[in-house]
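**Q** Give me a model of this one.
(one chain, ligands or ions: 2)
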Amino acid sequence: MKAPFSICGTAFHAPKRGELEILSDALIEVGADGGIDQILKPDHPHYDERKSAARASGMLRLLGDGEYLLPGFVDLHIHAPQFPQLGKALDAPLEDWLQKYTFPLEARYSDRAFASSVYDSLVGTLLANGTTTAVYFATRHLDGSLVLAETCLAKGQRAVIGRVAMDDIHQCPDYYRDASPDEGIELSRQFIQRLRALPGNGKALVRPAVTPRFIPSCSDRLLSGLGELLEAEACHMQTHCSESDWAHAYVLERFGKSDTEMLAEFGLLTRQSILAHANLMGTSDFDLVQAKGSGVAHCPLSNFYFANAVFPLRRLLDQGLHLGLGTDISGGHSPSILDNCRHAMTAARALHDGVDARLPAARRGAAPARIMPSEAFWLATAGGGEALDLPIGLFREGMRFDALLVDVNAPQSNITRADNDGLPDIFQKILCNAGRPNITSVWVEGRCVS
Ligand SMILES: O=c1[nH]c(=O)c2nc[nH]c2[nH]1
Ligand SMILES: [Zn+2]
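**A** Ligands and ions are numbered 1, 2, ... in the order given. Here you go, the predicted structure:
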């Protein structure tokens, strides 16, 4: 069904962090431009009349028993070129993993045909898992990175995409680095301008991001030039920040300051910046991120492999930082944001429930640390949208209609039904056990894309 249309049924969303709102039998009217025009509850005086009119014109999608509408998921941090590596090569720490597996793989994206076949498969997989917006690192290749943007446009996925800038001769191999700071800045500029001008991108479904890979892979001149580019182009920015012991210590040793402080000095922290990981940030770093209005992409699954630390999610939710979730493919081995909701809850639980006076200090956690399913869901939806400063992630008039339909009765489903399940129970079961077979329709900008 093409917009305009109406969809009527029960929707779950989390307009505020930690607050699940259940819209029972809501009538959601999606306008021709793909936005939410109006949401009518059953007690609205025109509810019956508008529902009947939509039905009469063949523009009503009535949800059946066991079908629930959710806002589309936002993946705040993912490496598109690493998709062929999903689920393997996780035997090494970050610094070795980059050199041994990841840079050789990313170097292959000078080949347009290879890029196109991987990106086609990746974007299809993400949409089928309910990811309606993805914030992608591509590679350092200009053409290959534009192929990713073209693929998102063709398949209808909302995206923020960065051509990866990396020129440091010590951290980047000869076969995979920008030849100079000037080249890194110029290719980044061309990428931003060409992406914005792509045919079919008039509504900016796909947006560019200035993307220094991380401070260790960039020279000072590249970082300051990218800061100037960011100011000139007023676009998003993404990078890795304080991810692991090695990455964090490397920056401290090079500058005598933390990653966060240096990113701010280079002009790279803005309201549209997304910092991946942030595991080893200190209190003053988090305060600085908050003061700049930047967001953090929490990547719980990847953190189990590379971080050497547990992200203090509870504390930052309470502090009010802009926060969302990232799969961090392929440091994270799942393409699913729902999976990452579960890993976020598990990591937070481990931190919380480790508190036991009989345990040695090194094995004790730091309660209160756990998070609730509604908080994980907020991160996956409204939190991600807020971090990106985009009108997505919840059902409200004026927001874009990016959504997914979950059928708890779908064949191959792992969701159990009990006769005493209320709607809050069903929501928790979806969050814990829904998978790709349950996600039966996905919309972006009101268009059915999966
Ligand atoms: O998880 C990560 N994946 C990467 O590709 C990367 N590059 C720098 N730092 C990184 N961390
Ligand atoms: Zn990453």
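
**Q** Residues of the stretch 251-400 of the chain that sit close to ligand 1?
**A** Ser302, Phe306, Asp328, Gly331 (Cβ under 6 Å from any ligand atom). For the C-beta atoms, the positions are set from N, CA and C on the backbone; glycine is no exception.

**Q** Could you save those residues as CSV and add columns showing secondary structure?
**A** Shown next, in CSV, are these (DSSP: H, G, I helix; E, B strand; the rest coil):
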residue, secondary structure
Ser302, helix
Phe306, helix
Asp328, coil
Gly331, coil
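
**Q** So which of these is the closest to ligand 2?
**A** Among those, Asp328 lies closest to ligand 2 (Cβ to the ion), at 4.6 Å.

**Q** Could you tell me which residues make contact with the closest one?
**A** By Cβ atoms under 8 Å, 6 or more residues apart in numbering, the contact set of Asp328 is His77, Ile78, His79, Ala276, His277, Ala297, Cys299, Leu301, Ser302.

**Q** Nearest residue to the third one in space, ignoring adjacent ones along the chain?
**A** In other words, His79. Phe137 (4.7 Å; Cβ to Cβ, 6 or more residues apart in numbering).

**Q** pretty sure the one you found contacts Asp75?
**A** No. Contact criterion Cβ atoms under 8 Å: Phe137 and Asp75 do not qualify, at 11.5 Å.

**Q** Neighbour count for the two, which is higher?
**A** Applying other Cβ atoms under 10 Å to Phe137 and Asp75 shows that Asp75 carries more neighbours, namely 30 against 26.

**Q** Determine whether any part of whatever helix or strand the more buried one lives in lies close to ligand 2.
**A** Element membership for Asp75 (DSSP states H and E) is strand 73-79. No. Using Cβ under 5 Å from the ion, strand 73-79 stays clear of ligand 2, with a minimum separation of 5.5 Å.

**Q** name the helices or strands packed onto the lowest-mean-pLDDT helix or strand in the chain?
**A** Every helix and strand of the chain was ranked by mean pLDDT, DSSP states H and E. The lowest is helix 337-353, at a mean of 92. Helix 337-353 sits against strand 73-79, helix 300-306, helix 313-319, strand 322-325, helix 373-378, helix 423-433, with contacts defined as 3 or more Cβ pairs under 8 Å, 6 or more residues apart in numbering; DSSP states H and E.

**Q** please redo it, this time with the cut-off set to 7 Å
**A** If you count contacts as 3 or more Cβ pairs under 7 Å, 6 or more residues apart in numbering; DSSP states H and E, helix 337-353 packs onto helix 300-306, helix 313-319, strand 322-325, helix 373-378, helix 423-433.

**Q** Out of these, which gets nearest to ligand 2?
**A** Nearest of those (Cβ to the ion): helix 300-306, 6.9 Å.

**Q** what about dumping the CA coordinates of that closest one to PDB?
**A** Output in PDB follows, covering the C-alpha atoms of helix 300-306 (Å, rounded to 0.1, in the frame of the first residue of the first chain):
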ATOM      1  CA  PRO A 300      27.000  -3.600  23.600                       C
ATOM      2  CA  LEU A 301      27.800  -6.700  21.600                       C
ATOM      3  CA  SER A 302      31.000  -5.400  20.000                       C
ATOM      4  CA  ASN A 303      32.100  -4.100  23.400                       C
ATOM      5  CA  PHE A 304      32.200  -7.700  24.800                       C
ATOM      6  CA  TYR A 305      34.900  -8.300  22.200                       C
ATOM      7  CA  PHE A 306      36.900  -5.100  22.000                       C
END
